[in-house]
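K.L.:
coords below, sequence missing:
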């Protein structure tokens with residue numbers, strides 16, 4: 001910073017944060033409104049979401065990352081539509097932070113692209129399964145009705161506790177992998193035969209509910225934050241690193257002190273007045289100031305750091 005030739009305008013590139021495999025990123029900290037498209041998708045071609053608040057009690061609250069949406073399990077949900085980028089038929093990764101406030105004897109749906117019932121039109125579903133324990137489950141179909149799913153047994157998802165959950169469908173390997181707080185969930189149980197593709201349902205992607213016949217049902221009872229959908233297999237290292245970054249930013253990176261570029265009269269080259277030593281290289285001498293950002297290596301899982 002400190003380049004006087006650059007107009008005093010916002011130079012951030014918010015959509016550039018997300019690689020081309022992100023089909024949608026909803027931070028859900030936009031506020032509380034039923035206006036059309038109020039809940040913004042941060043990717044380059046946004047699929048903005050619209051809230052249905054049947055009884056007027058859905059609200060913003062302090063989330064895992066900034067603010068979040070507090071759904072109350074009673075007919076409240078967000079519809080983000082069905083643009084082509086969300087018509088994913090190959091590999092799929094879905095993630096979210098959730099905070100369950102009450103157990104449900106049916107299901108607590110997190111993110112879905114489904115319609116069950118007499119004329120099923122089901123692509124995939126990511127949820128906490130029915131029963132008193134509300135275990136994590138991911139379901140996919142290849143024909144709109146015949147489903148396969150993997151779920152975690154003998155684990156009760158804790159109430160009133162933020163948890164980062166991820167489901168990964170690998171079309172090539174024909175596998176489903178579940179993650180909780182950045183780590184693979186084990187053991188899990190498989191029901192059905194996992195297909196090599198996902199059915200292209202005409203249903204929209206919905207947050208906090210699913211559809212049956214003409215009605216929505218099984219609404220999430222709690223808080224949902226930072227929903228992300230990718231049209232690729234995110235690796236275990238990727239998911240662990242995302243969790244580390246989101247759960248504890250203060251230990252993930254550190255911002256150093258201010259360094260200033262100076263060019264005294266008659267002296268060539270670059271000198272730094274504070275921070276690192278005078279022999280250091282300056283990235284671009286058009287910018288008079290900089291701060292060093294250091295990412296903690298142990299917080300980046302695996303050996304690849306191409307994205308950091």
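P.N.:
Received, thanks. The shown structure was predicted, so the numbers you read here are calculated from the model rather than taken from an experiment.
K.L.:
Could you use CA atoms for every contact and neighbour count after this?
P.N.:
Noted.
K.L.:
do you know how far residue 99 is from residue 119?
P.N.:
With the distance defined as CA to CA, to the nearest Å, residue 99 ends up 32 Å from residue 119.
K.L.:
Look at these two and report which has more neighbours.
P.N.:
More crowded of residue 99 and residue 119, by other CA atoms under 10 Å: residue 99, with 22 against 11.
K.L.:
what about the helix or strand where the more buried one lies, distance to the chain center?
P.N.:
In this assignment (DSSP states H and E), residue 99 forms part of strand 92-100. With CA atoms, centre = their mean, to the nearest Å as the basis, strand 92-100 stands 7 Å off its chain's centre.
K.L.:
helices or strands next to it in the packing?
P.N.:
Contact here means 3 or more CA pairs under 8 Å, 6 or more residues apart in numbering; DSSP states H and E; on that basis strand 92-100 packs against strand 108-113, strand 163-170, strand 221-230.
K.L.:
any chance of these in JSON lines, with mean pLDDT too?
P.N.:
Written out in JSON lines, the entries for those read as follows (pLDDT from 0 to 100):
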{"stretch": "strand 108-113", "mean pLDDT": "96"}
{"stretch": "strand 163-170", "mean pLDDT": "96"}
{"stretch": "strand 221-230", "mean pLDDT": "96"}
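K.L.:
out of those, nearest to residue 2?
P.N.:
Nearest to residue 2, of all the helices and strands packed on strand 92-100, is strand 221-230, at 33.1 Å by CA to CA.
K.L.:
Partner strands of that closest one, with direction?
P.N.:
strand 22-26 (antiparallel), strand 67-72 (antiparallel), strand 92-100 (antiparallel) (DSSP bridges).
K.L.:
If I average pLDDT within each of the ones you listed, which one is lowest?
P.N.:
Lowest mean pLDDT within the strands paired with strand 221-230: strand 67-72, a mean of 91.
K.L.:
for stretch 140-147, which positions count as buried?
P.N.:
140, 141, 142, 143, 144, 145, 147 (16 or more other CA atoms under 10 Å).
K.L.:
which among these gets closest to residue 252?
P.N.:
For residue 252, the closest of the buried residues of stretch 140-147 turns out to be residue 140, at 33.9 Å, with distances computed as CA to CA.
K.L.:
And what about the closest one, helix, strand or coil?
P.N.:
Going by DSSP: H, G, I helix; E, B strand; the rest coil, the secondary structure assigned to residue 140 is strand.
K.L.:
how far is stretch 23-35 from where the chain is centred?
P.N.:
For stretch 23-35, the distance between its averaged C-alpha position and the chain's averaged C-alpha position is 12 Å (CA atoms, centre = their mean).
K.L.:
Tell me which residue is most central in the chain.
P.N.:
In the chain, the centroid-proximal residue (CA atoms, centre = their mean) is residue 228; its distance is 2.8 Å.
K.L.:
How many neighbouring residues does the closest residue in space to that residue that isn't next to it in sequence have?
P.N.:
Counting by CA to CA, 6 or more residues apart in numbering, residue 228 lies nearest to residue 25, which is 4.5 Å off, once chain neighbours are set aside. Under the neighbour criterion other CA under 10 Å, residue 25 is assigned a count of 22.
K.L.:
on that earlier part again, I'd like the helices and strands packed on strand 92-100 laid out as JSON lines, including distance to residue 18.
P.N.:
Converted to JSON lines, the helices and strands packed on strand 92-100 look like this (distance: least, CA to CA, whole Å):
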{"stretch": "strand 108-113", "distance to residue 18": "20"}
{"stretch": "strand 163-170", "distance to residue 18": "17"}
{"stretch": "strand 221-230", "distance to residue 18": "10"}
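K.L.:
Pick the most buried one from the ones you listed.
P.N.:
Counting by mean count of other CA atoms under 10 Å, strand 108-113 has the highest mean neighbour count of the helices and strands packed on strand 92-100, with a mean of 27.
K.L.:
after it comes which helix or strand?
P.N.:
Scanning the chain past strand 108-113 towards its C-terminal end, the next helix or strand to appear is strand 115-116 (assignment: DSSP H and E).
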